[in-house]
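1. Just need the structure, nothing else, for what follows:
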Amino acid sequence: MFTGLIEATGRVEEIASTDRGRRVRIATPLAGDLTPGDSVAVSGVCLTVTRADAQGFEADVSPETLRVTTWLTADVGRIVNLERPLRADARLGGHFVLGHVDGVGRIARLLPDGDCHRLDVELPDALRAYVIPKGSVAVDGVSLTVNVVDGARVSIQLVPFTVSHTAFARARPGDLVNLETDVLGKYVVRLIEERARLTAPAVPVQRTPTP
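-> As a prediction, the model looks like this:
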């Protein structure tokens, strides 16, 4: 469980193909506090540390994770957002983030807006029902508040601290981003769908008369 409050950024140093997907190495000072078996959210994707030293850590990326996240197109040199799991005695400053990415979006616009920036992200159609104005969404692991929902596009305000302390400092229109919608919203939508299915009137079976 994470909060979407980024602790540090890292740099992808190595990407190697394996029989089970890919193995990645990420350089970051945060690695000094990681040990094998630890979980860490890497741009919103929960990965398990397999090896760590003072300069960086390694993790395996499964085929399923490659299919549904930006790791499929990631290159060496990419800057990633990093967050360790939430401690039980810590304050929850963002929102509940599982590190289970729902889909990949695309940055449509990133424009200065006073001292802040306006970020517009295009959503996959499958995620539109889970995003609401003033609701929460994790974009590359960053807990953000949705300002406007316009069809398949959401508009978000980025404050200066968020831009300077995350990978958004290097973001550009056209970049792909990992998206995780609010888990509470997903449960609500699922409950409504199941209630509709269970209460739908049964359709009578039409039988062909026997001649």
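2. Need the pLDDT of the nearest residue to Leu92 once chain neighbours are set aside.
-> Residue nearest to Leu92 in three dimensions, not counting chain neighbours: Thr3, with 5.8 Å by C-beta to C-beta, 6 or more residues apart in numbering. Heads up, the C-betas are built off the backbone N, CA and C, glycines and all. With respect to pLDDT, Thr3 scores 94.
3. list the contacts for Thr3?
-> Thr3 makes contact with 83, 86, 90, 92-97, 143 under the criterion C-beta atoms under 8 Å, 6 or more residues apart in numbering.
4. and the one helix or strand Val49 maps to, which strands flank it?
-> For Val49, the element it lies in under DSSP states H and E is strand 45-52. Strand 45-52 pairs in its sheet with strand 39-42 (antiparallel), strand 56-61 (antiparallel), by DSSP bridges.
5. Show me the one of those that comes nearest Val121.
-> Smallest distance to Val121 across those (C-beta to C-beta): 18.4 Å, for strand 39-42.
6. Just the C-alphas of the closest one, formatted as PDB.
-> Output of strand 39-42 as PDB, limited to C-alpha atoms (Å, rounded to 0.1, in the frame of the first residue of the first chain):
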ATOM      1  CA  SER A  39       8.300  -3.500  -2.300                       C
ATOM      2  CA  VAL A  40       8.800  -0.200  -4.000                       C
ATOM      3  CA  ALA A  41       6.400   1.700  -6.300                       C
ATOM      4  CA  VAL A  42       8.300   2.700  -9.500                       C
END
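7. residues in contact with stretch 85-105?
-> If you take C-beta under 8 Å, 6+ apart as the criterion, stretch 85-105 is touched by 1-5, 39-41, 44-46, 65, 68-70, 121-124, 126-127, 130, 136, 138-139, 141, 143, 176-184.
8. next SSE after the helix or strand harbouring Ser164?
-> Using DSSP H and E, Ser164 sits within helix 160-165. On the C-terminal side of helix 160-165, the closest following helix or strand by DSSP H and E is strand 176-181.
9. okay, the angle between that following strand and strand 45-52?
-> On the basis of axes from the mean of the first three to the mean of the last three C-alpha atoms, to 10 degrees, strand 176-181 is oriented at 110 degrees to strand 45-52.
10. got the buried residues for strand 176-181?
-> Across strand 176-181, burial judged by 16 or more other C-beta atoms under 10 Å covers 177-181.
11. how about it as CSV, C-alpha atoms only?
-> What follows is strand 176-181, C-alpha atoms only, in CSV (Å, rounded to 0.1, in the frame of the first residue of the first chain):
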residue,chain,number,x,y,z
LEU,A,176,2.8,7.7,-21.9
VAL,A,177,1.9,7.5,-18.1
ASN,A,178,0.8,4.8,-15.8
LEU,A,179,-2.7,5.3,-14.4
GLU,A,180,-4.3,3.9,-11.3
THR,A,181,-7.8,5.0,-10.4
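12. what's next to that strand, contact-wise?
-> Counting by C-beta under 8 Å, 6+ apart, 43-45, 69-70, 73, 97-107, 121, 123-124, 127, 130-131, 137-141, 171 sit against strand 176-181.
13. quick one: average pLDDT of the helix or strand just after it?
-> As assigned by DSSP H and E, the chain's next helix or strand after strand 176-181 is helix 183-199. On average, the pLDDT along helix 183-199 is 84.
14. coming back round to it: and the contacts of Thr3, which is closest to Asp60?
-> Glu83 (18.6 Å).
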